[in-house]
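Visitor: model this:
(2 chains)
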Amino acid sequence: MLAFAFRRILLAFVTILVLTATIFTLINTNQNTLRAIAINELGPQTPAEDLDSWVADNVLTKPLVVRYGEWLSGFAVGDWGESAVFRRHIFGYDAEAGRNKWGVINERLYATGILAFWVFLIMVPVALLIGIFAGVREGSLRDRGLSTLSIMTTATPEYISGILFMVALASRKYHIFNHIPDIPTWISTGQYATLDSFYFKAVANMRNGISFEDLFLPVLTMVVYGVGYIARMTRASMAEVMSSQYVRTAILKGLPRGTVIRRHALRNALIAPFTVIMLQFPWMLTGVVIVEVMFAYKGFGQALFVASTNMDFNMIMACSIVSVVVVLLTQLISDLGYVLLNPRLRLR
Amino acid sequence: MVDKRTLTGAPLHPSVEGFAKAAREGRLSRREFLAQATALGVTATAAYGMLGLAAPAAEAASHAKQGGRLKVSMIIKANFTDARIFDWSELGNVARHFLEPLVRWTPDFTFTPHLLSGWTANADATQYVLSVREGVMWNNGEALTASQVAWNIERWAEADVDGNSMAARVASLIDPDTNKAKAGSIVADDAAGTVTLNLIKPDISVIAGMSDYPALIQYPGKSVSEGVGTGPFRLTNYEPEVGASLDRNDDHAWWGGDVYLDGIDYIDFGTDPAAEVGAFEAGEVHLNFQTDAEQVATMDDLGFERYEVATGATIVVRMHTDTAPYDNKALRQAIVKAVSNEDLLALGNNGLGLVAENHHVGPMHEEYAKLPPISRDMEAAKKEIADLGFAGTTLDLYSLDAGYRLLTTDAVGAQLEEAGLNINRIVMPGSTFWTNWTTHSFSSTNWNGRPLGTQVLSLAYRSGVKWNETAYNNPEFDALLDKAEATADVEARRAIMAKIEAMLQDDAIMIQPYWRSLFAHSTPEVQGFRMHQAFEHHFEKVWLDA
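Guide: Predicted coordinates for the structure are as follows:
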């Protein structure tokens, strides 16, 4: 077990090395990306010759290998450099810095962490419940209904559902409750209710930390998209377990149905969804780009978007490393968890 | 004798009467006359008076309410260090609340003195005397002096500084041997409070250049972000990609009188228009920087106030004349002929603007000469393209990836396909597009408006200048442009301009389909705001009717 974990961690380091070397080389050998870096310093309408001379003076000063080595040694000790777009240090705590003592990555990962926490807290139980209820009786009306719902939410990308939620829940004029009467109010006054409590902000201001208002629509959008996939995986796994020999035996020997599902079926049915749930962490990292940009939620995804559209070299490197670490870490947890959940693998 | 009609009391510039006559006779538009007369040192009131009009009263301040913070949605860019290298209007907008320009270009297209109290120009536009406004204080307690103004102008003239676009605006001060201001060309007299500019060659655009967004007067030796300035606000926070805040500086006596807002908060909601609409709906902002043409109807529909200004901002779909096959003039002419500018305005900008004539000078410029109308001739274009042997040739057509630039360029591509060419559309995000914008073979570029028609021609089409994206190299054009820039008399200049415009049309280096109207929206409580043709924010007299 320990040896396995150790091997995986070692592999993670190798992956990070290979990946950063690749990105570093790609960025540093392409004239256009180098010019894009220079544009950050010199402005968008600078002629190409000026950009090239800036690159020659400021970037291409030493051989590629030497520069990569320098970057890597800085990175290893936590010096991730300065962001060209945000004009701040990228990583770590800097007591000398003025207003923002924490680096961009720290702040942004914190914001995205809060978002991801709520997404998972809501998405996982909801998805598992839907999946279990659908999978227990395969082919029933309940199964068909829940499956259709799951497919619909998974098939609607965040940039569609996000806009729909924005219009329906965050627009004064087109708010959904402008069109659906609130029955008691309608009966007593004949008027549609103005439901201010159902009005949500479509942008995160994050002025006073991260509030419910900042989180509501982004979380809703991500949950709706993510629920369907996990629910369908759970359903498939549940249906398979329910038709297996030992469940049939348990039912036939006269155990109550609830006990069979809880004691015998669930535990085995949840092994597959567990892997899927762990795979949702890497998905979060890409999903948040769209959702955060759409709702102006200032998290990791939005920073990644801004950094890559502006060729902010240090930020791009930092974001790639964070992504790799998240992916490898969740895979490690997923593998270890799988071993723990599955007794057959534990024997080896 | 003191002449009340001029800002400094100096005699009226000799050509002003001629312009006034032209304006009264309808040869010069009211707007053009106002720009020209005020650029020559006439007060706005007198300029209106010469047309027999009363100057519009300044926003009646008696009912203005004090207090409140104005929240504005705007991109917050990095590089907030040195005003002369500002490359985005947004940078200038934040800085302008505490750093002020010498001259303002108003939304009426006039020039009004700001940190100057006035200026005079000699008859051939080779010498300007700038009078520094009295009683202007820096917010560190010192008084603004003429030599500090001169220090700024000298820095503008440092052409070797990377990204210093002011050098092009004060080119007539620069000694080509040193790439700095020529010795003796900037003379400050602190006792008299004047700065005298002795130009190397006649230049009518000096005052206009001093009103542009990088032309903010900085305290010698201080970076912009340190916040030392003359304006009524104080910078409290600047965080690229996030936001910027300014408070009214109550410790500082601003020369311009009352300021109503307690402060200004700029908030960066990114580039997705949905986020900005959401911000309006949520009451997070009062005002935006700009409403894209395709968003105007949405914002109107949601009940926000619309602001509009017709401008010299435009898009050019230009060909790089050094790159084959665009070195073939006949092909370029056929390409231009195949395109309908009216259609491009309708498809590319929702019809919000004014059709232009492929020579980058328009009716908002005082020296604009109307040429015979141009129109699309698809049959002729098809035939010429076929005769030249280009039928079926694949051309790369580049553009940015969003908004009117994308849509307009798409429409150009579609029309050229109809004319028998094969168009390979290449769409790029800003970061890659701008790395090669001057050398793309065939691509679209947006240009902001400049007060004078000669200014943009000089920036973009003179042989060998930095921003010459067409590689246009025509000594005859350069000579005519030099002549136009030395002609203070607008009628005489118009005659030269007619030749220049015809030359640009005939050389067919670009499709310049339309002039854009610019829009912004606000919530109803914003009072006293006017959309500026160069996106400038002037908030001293803006107030909130909460």
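
Visitor: C-alpha only now, for contacts and for neighbours.
Guide: Fine.

Visitor: next one: phi and psi at the nearest residue to A:M294 once chain neighbours are set aside?
Guide: In this structure, A:M294 finds its nearest non-sequential neighbour in B:A275, 5.7 Å apart by C-alpha to C-alpha, 6 or more residues apart in numbering or on different chains. Torsion angles at B:A275 (phi, psi; degrees, to the nearest 10) stand at phi -60, psi -40.

Visitor: My read is that B:A275 contacts B:E281, right?
Guide: No: contact between B:A275 and B:E281 fails when scored by C-alpha atoms under 8 Å: they sit 9.8 Å apart.

Visitor: Mutual contacts of these two, please.
Guide: Overlap of the contact sets of B:A275 and B:E281 (by C-alpha atoms under 8 Å, 6 or more residues apart in numbering or on different chains) consists of A:A202.

Visitor: residues in contact with the longest helix along chain B?
Guide: Longest helix of chain B, by residue count under DSSP state H: helix B:490-507. Applying C-alpha under 8 Å, 6+ apart, the contact partners of helix B:490-507 are B:19, B:329, B:332-333, B:357-359, B:361, B:366-371, B:477, B:480-481, B:483-485, B:487.

Visitor: at 6 Å what do you get?
Guide: For helix B:490-507, contacts defined as C-alpha atoms under 6 Å, 6 or more residues apart in numbering or on different chains pick out B:N358, B:H359, B:E367, B:A369, B:A484, B:T487.

Visitor: try stretch A:78-92
Guide: With C-alpha under 6 Å, 6+ apart as the criterion, stretch A:78-92 contacts A:W102, A:G103, A:V104, A:I105, A:D312, A:N314, A:M315, B:A78, B:P240.

Visitor: quick one: average pLDDT of that stretch?
Guide: Averaging pLDDT along stretch A:78-92 yields 85.

Visitor: Report the rounded mean pLDDT for stretch B:192-206.
Guide: Rounded mean pLDDT across stretch B:192-206 is 91.

Visitor: typed the wrong thing, it's stretch B:467-477
Guide: 92.

Visitor: and if you look at stretch B:408-416?
Guide: Averaged across stretch B:408-416, the pLDDT comes to 95.

Visitor: quick one: it to chain centroid distance?
Guide: 26 Å (C-alpha atoms, centre = their mean, to the nearest Å).

Visitor: moving C-terminal of the biggest helix by length in chain A, what's the next helix or strand?
Guide: The residue-count maximum for a helix in chain A (DSSP H) belongs to helix A:104-136. Downstream of helix A:104-136, the first helix or strand assigned by DSSP states H and E is helix A:141-155.

Visitor: Give me the neighbour count for B:D507.
Guide: Per other C-alpha atoms under 10 Å in any protein chain shown, the neighbour tally for B:D507 reads 18.

Visitor: mind checking how far it is from B:Y472?
Guide: 9 Å (C-alpha to C-alpha, to the nearest Å).

Visitor: Same question for B:Q527.
Guide: From B:Q527 to B:Y472 the distance is 46 Å (C-alpha to C-alpha).

Visitor: just B:H286 next, same as before
Guide: 44 Å.

Visitor: What of A:G81?
Guide: 42 Å.

Visitor: ok, the two, which is more surrounded?
Guide: Legend: neighbour count by other C-alpha under 10 Å for A:G81 and B:Y472, higher for B:Y472 (21 against 18).

Visitor: Assign the more buried one to helix, strand or coil.
Guide: Of the three states, B:Y472 takes coil under DSSP: H, G, I helix; E, B strand; the rest coil.

Visitor: Now do the contacts for it.
Guide: Neighbours of B:Y472 in contact, by C-alpha under 6 Å, 6+ apart: B:Y461.

Visitor: go again using 10 Å as the cut-off
Guide: By C-alpha atoms under 10 Å, 6 or more residues apart in numbering or on different chains, the contact set of B:Y472 is B:319-322, B:460-465, B:504, B:507, B:509.

Visitor: cool, and A:V104?
Guide: Here A:V104 is in contact with A:82-83, A:86-92, A:110, A:299-300, A:303, A:315 (C-alpha under 10 Å, 6+ apart).

Visitor: Would you mind listing what in the stretch 251-400 of chain B touches chain A?
Guide: Contacts of the stretch 251-400 of chain B with chain A, taken as C-alpha under 10 Å from any C-alpha of the partner chain, map to B:267-284, B:301-303.

Visitor: my guess is B:T194 meets B:L115, correct?
Guide: No: at 11.7 Å, B:T194 does not count as touching B:L115 under the criterion of C-alpha atoms under 10 Å.

Visitor: Spell out which residues are contacts of both of those two.
Guide: B:L130, B:S131, B:V132, B:R133, B:V149.

Visitor: Save the residues you listed as CSV, and put in pLDDT too.
Guide: Below are the shared contacts of B:T194 and B:L115 laid out as CSV (pLDDT from 0 to 100):
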residue, pLDDT
B:L130, 95
B:S131, 95
B:V132, 95
B:R133, 94
B:V149, 96
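
Visitor: and which of these is nearest to chain A?
Guide: The nearest member of the shared contacts of B:T194 and B:L115 to chain A, counting by C-alpha to the nearest C-alpha, is B:V149 at 25.1 Å.

Visitor: do you know how far the closest one is from B:A215?
Guide: 11 Å.

Visitor: if I look at these two, which residues touch both of them?
Guide: B:L102.

Visitor: Residue ranges in chain B under the pLDDT threshold?
Guide: Where chain B drops to pLDDT under 70, the residues are B:1-4, B:7-9, B:14-15, B:26-29, B:31-32, B:52-62, B:431.

Visitor: roughly how far is the top strand by length along it from the heart of the chain?
Guide: The residue-count maximum for a strand in chain B (DSSP state E) belongs to strand B:305-319. Distance of strand B:305-319 from the chain centroid (C-alpha atoms, centre = their mean) equals 10 Å.

Visitor: what's the following helix or strand after that strand?
Guide: helix B:329-337.

Visitor: Run through the neighbouring helices and strands of the helix or strand following that following helix.
Guide: Once helix B:329-337 ends, the next helix or strand along the chain (criterion: DSSP H and E) is helix B:341-349. Other elements packing on helix B:341-349 under the criterion 3 or more C-alpha pairs under 10 Å, 6 or more residues apart in numbering or on different chains; DSSP states H and E are strand B:353-355, helix B:403-418, strand B:514-522.

Visitor: Could you list the buried residues of stretch A:165-174?
Guide: A:F165, A:M166, A:V167, A:A168, A:L169, A:A170, A:S171, A:R172 (16 or more other C-alpha atoms under 10 Å in any protein chain shown).

Visitor: Reformat those residues as TSV; add secondary structure.
Guide: TSV is the format used below for these (three-state DSSP):
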residue	secondary structure
A:F165	helix
A:M166	helix
A:V167	helix
A:A168	helix
A:L169	helix
A:A170	helix
A:S171	coil
A:R172	coil
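
Visitor: For the residue lying closest to A:T221 once chain neighbours are set aside, list the residues it contacts.
Guide: Distances taken as C-alpha to C-alpha, 6+ apart place A:G162 nearest to A:T221, at 5.5 Å, with adjacent residues excluded. With contact set as C-alpha under 10 Å, 6+ apart, A:G162 has these partners: A:156, A:168, A:202, A:217-218, A:220-222, A:224-225, A:290-291, A:294-295, B:274.
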